[in-house]
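1. build the 3D model from these lines:
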Amino acid sequence: MFVALLAGGYLLLQSGRISANADGKLSRLELWMAHTSLRATLRHQAPRGL
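-> Predicted structure coming up:
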């Protein structure tokens, strides 16, 4: 299953279907990944015991 996901992602990248436009509107996937990463980073770096 994991190999199939990696292969699918690779094919998606190679097909040119992912925009390289840095000034374009973010996709829902990019927003989800950014928010998920930010929450995980804040949780990891938050002071303990407060």
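2. what about residue 20, which SS state?
-> Look at residue 20: counting by DSSP: H, G, I helix; E, B strand; the rest coil, its state is coil.
3. burial count for it?
-> Neighbour count of residue 20, defined by other Cβ atoms under 10 Å: 6. The way it works is simple: take the backbone N, C-alpha and C, and place the C-beta from them, glycine included.
4. heads up, I number from 56, so please use that
-> I'll keep to 56 as the first residue from here, and by that count the last item is residue 75.
5. next, the distance between the ends of stretch 78-85.
-> With Cα to Cα, to the nearest Å as the measure, the ends of stretch 78-85 fall 13 Å from one another.
6. where along the protein do the helices fall?
-> If you assign secondary structure with DSSP state H, the helices in the chain sit at 57-70, 83-100.
7. let me know which of the ones you listed is the nearest to residue 76.
-> Relative to residue 76, the nearest member of the helices of the chain by Cβ to Cβ is helix 83-100, separated by 11.6 Å.
8. next, count neighbours for residue 73.
-> Neighbouring residues of residue 73 were enumerated by other Cβ under 10 Å; the total is 13.
9. and the pLDDT for the nearest residue to it once chain neighbours are set aside?
-> Among residues not flanking residue 73 along the chain, residue 67 sits closest, at 6.4 Å (Cβ to Cβ, 6 or more residues apart in numbering). The confidence metric pLDDT takes the value 87 at residue 67.
10. need the helices of the chain in CSV with distance to residue 77 and mean neighbour count, can you?
-> Listed next are these as CSV, based on distance: least, Cβ to Cβ, whole Å; neighbours: other Cβ atoms under 10 Å:
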stretch, distance to residue 77, mean neighbour count
helix 57-70, 16, 9
helix 83-100, 11, 10
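11. for residue 80, give me the pLDDT.
-> The confidence metric pLDDT takes the value 87 at residue 80.
12. how much space between it and residue 64?
-> 21 Å (Cβ to Cβ, to the nearest Å).
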